[in-house]
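Trainee: Predicted structure and sequence below. I'll ask about it afterward.
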Amino acid sequence: MREAIHPAYGPVVFRDRAADHAFLTRSTMTSEKTIEWEDGRTYPVVDVEISDVSHPFYTGTARVLDTAGRVERFERRYGKKG
């Protein structure tokens, strides 16, 4: 790889504001804010709106759509084929 063209890749804490959950990973993102992690070291922290902890798909709170009702409504509106 070519030198000096890639952004710095290092440890970053991502904090889910909705679920008050944080996890440490590696990323090229940076932040001025820092947080002291469980291991006693200080890492940059990036606040995110949603993660796997608070996303409706992963938490099981997603709505189930009535597909049969949607098909019937479509057929009433636009007529059946044939």
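Mentor: Looks like it came in fine.
Trainee: What about residue 75? Give its phi and psi, please.
Mentor: phi -70, psi -40 (degrees, to the nearest 10).
Trainee: So it versus residue 2, what's the distance?
Mentor: 59 Å (C-beta to C-beta, to the nearest Å). C-beta coordinates here come from the backbone N, C-alpha and C atoms, glycine included.
Trainee: In this structure, which residue is most central in space?
Mentor: For the chain, the residue sitting closest to the mean C-alpha position, by C-alpha atoms, centre = their mean, is residue 51 at 3.6 Å.
Trainee: ok, that residue - contacts?
Mentor: 14, 16, 19, 21, 23 (C-beta atoms under 8 Å, 6 or more residues apart in numbering).
Trainee: of all those, which comes closest to residue 80?
Mentor: residue 19 (45.8 Å; C-beta to C-beta).
Trainee: ok, back up a step: who has more neighbours, residue 75 and residue 2?
Mentor: residue 75 (11 against 5; other C-beta atoms under 10 Å).
Trainee: ok, and for whichever helix or strand residue 45 is part of, which residues are buried?
Mentor: Residue 45 is part of strand 42-48 when elements are defined by DSSP states H and E. If you call a residue buried by 16 or more other C-beta atoms under 10 Å, then strand 42-48 has these buried ones: 43, 44, 45, 46.
Trainee: Many thanks, we can stop here.
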